[in-house]
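Q: fold the stuff below for me.
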Amino acid sequence: MIETILSALGRPFLGLFRQIEQFGRFLLFQWHVWLRLPLFYRRSTLLLQQIETVGFGTLGVVTLTALFTGMVEAIQLYNGFHEFGMDTFIGYTIFVSITKELGPVFASLMLISRSISAMAAELGTMRVTEQIDAIDILGVDSKTYLLVPRIVATTFSLPLLVLWFDFIAIGSAYVVSSYVLGINPIAYQDTIMRLGEFSDIGSGIIKAAIFGFIVSSIGSYVGYHTSGGARGVGQATIMAVVYSAVAIFVANYFLSALFLYIGW
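A: Modelled structure (predicted):
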């Protein structure tokens, strides 16, 4: 009975220690990747292939998400602003919310669901079928060959996807606000021109680059260390999506707080 009680009390602590150990392995993995990042130019062909897969492969779903995000936000903000006679400020509010928050976060989530999950599944399959071991045996650094192009491509592609998201979302919000809700289009544009700043767009781009590195690192780490056959590949894909999505929201809070502190 005593052993059962002690076992029940100790099990949560063992789980916590395992999570700490896993996080330590992830940091060590990041250190090894950082040392290899300057060598990305050696795999330029693989880098371009990954940019096509990650960037252009996610463009369609990002476009649809941005289109309806802008339309919905215009309708929802109209319901609140119209009661106070502040319809013209809808444009600036949409501009700031999309460029600083919704654009980076939503584009990252779409990239996670479309590309990071596939990245983890692909690397996981290569691990359980011993293809990664074969690459190492041939004398090729598997981290430089497999991981660096994926991480660099995602870090480069996500800011461009966010810019496209911002353009589509703000444009769709403008169309709905002006031609469906009846807001004066000149006044709508004027508030954006007077109050909007390039730092609003810049903060979103910086977030996107950091988010791209984070999610690609998580997807690469989970896929690279997959074990357990087909079931392990499925679990790795789930873990990559969940961990990446949670990491985006956590990082978004701290980056938003940092930008607020420095006046962005």
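
Q: buried residues, the helix or strand G232 falls within. List them.
A: If you go by DSSP states H and E, G232 is part of helix 229-261. Applying a neighbour-count criterion of 16 or more other Cβ atoms under 10 Å, one finds 232-233, 235-237, 239-241, 243-245, 247-248, 251-252, 255-256, 259 buried in helix 229-261. Just so you know, the C-beta spots here come from the backbone N, C-alpha and C atoms, and that holds for glycine as well.

Q: what does stretch 139-147 give?
A: Neighbour count says stretch 139-147 has S142, K143, T144, Y145, L146, L147 buried, by 16+ other Cβ under 10 Å.

Q: counting neighbours, what do you get for P149?
A: 22 (other Cβ atoms under 10 Å).

Q: and the helix or strand hosting it, what's buried?
A: Assigned by DSSP H and E, P149 belongs to helix 148-179. The neighbour-count check on helix 148-179 (16+ other Cβ under 10 Å) flags 148-166, 168-170, 172-174, 176-178 as buried.

Q: what mean pLDDT does it get?
A: Averaging pLDDT along helix 148-179 gives 93.

Q: how about the helices in the stretch 1-150 of the chain?
A: All helices of the stretch 1-150 of the chain, identified by DSSP state H, counting those that start in this stretch, fall at 2-36, 44-51, 57-81, 90-97, 103-111, 117-128, 131-137, 142, 148-179.

Q: any weak-confidence spans in the chain?
A: The chain contains residues with pLDDT under 70 at 1-19, 21.

Q: can you tell me the centre-most residue of it?
A: S108 (2.8 Å; Cα atoms, centre = their mean).

Q: so A187 makes contact with T88?
A: Yes: between A187 and T88 there is a contact under Cβ atoms under 8 Å: 4.1 Å.

Q: neighbour count for these two, which is higher?
A: Comparing A187 with T88 by other Cβ under 10 Å, the one with more neighbours is T88, at 17 against 14.

Q: separation between that one and I183?
A: 7 Å (Cβ to Cβ, to the nearest Å).

Q: neighbours of P38, how many?
A: P38: 9 neighbours (other Cβ under 10 Å).

Q: list the contacts for G57?
A: R114, S115 (Cβ atoms under 8 Å, 6 or more residues apart in numbering).

Q: chain center to the helix holding P149: distance?
A: Computed by Cα atoms, centre = their mean, to the nearest Å, the chain-centroid distance of helix 148-179 equals 12 Å.

Q: and stretch 133-149, C-alpha only, in CSV?
A: C-alpha atoms of stretch 133-149 as CSV (Å, rounded to 0.1, in the frame of the first residue of the first chain):
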residue,chain,number,x,y,z
ASP,A,133,21.2,6.5,-40.6
ALA,A,134,22.2,5.6,-44.1
ILE,A,135,22.9,9.3,-44.9
ASP,A,136,25.2,9.5,-41.8
ILE,A,137,26.9,6.2,-42.7
LEU,A,138,27.7,7.7,-46.2
GLY,A,139,29.6,10.5,-44.4
VAL,A,140,27.1,13.2,-45.1
ASP,A,141,26.0,15.4,-42.1
SER,A,142,22.3,14.6,-42.0
LYS,A,143,21.5,17.8,-40.0
THR,A,144,23.1,20.0,-42.6
TYR,A,145,21.6,18.0,-45.4
LEU,A,146,18.0,17.6,-44.1
LEU,A,147,17.4,20.2,-41.4
VAL,A,148,19.2,23.4,-42.3
PRO,A,149,17.5,23.9,-45.7
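
Q: wait, doesn't S157 sit right on I51?
A: Yes: in this structure, S157 is within contact of I51 by Cβ under 8 Å, at 5.6 Å.

Q: tell me who's in contact with the nearest residue to Y224 once chain neighbours are set aside.
A: In space, and not counting its chain neighbours, Y224 is closest to L123: 5.3 Å by Cβ to Cβ, 6 or more residues apart in numbering. Counting by Cβ under 8 Å, 6+ apart, L123 touches I132, L146, L147, G219, S220, G223, Y224, T226.
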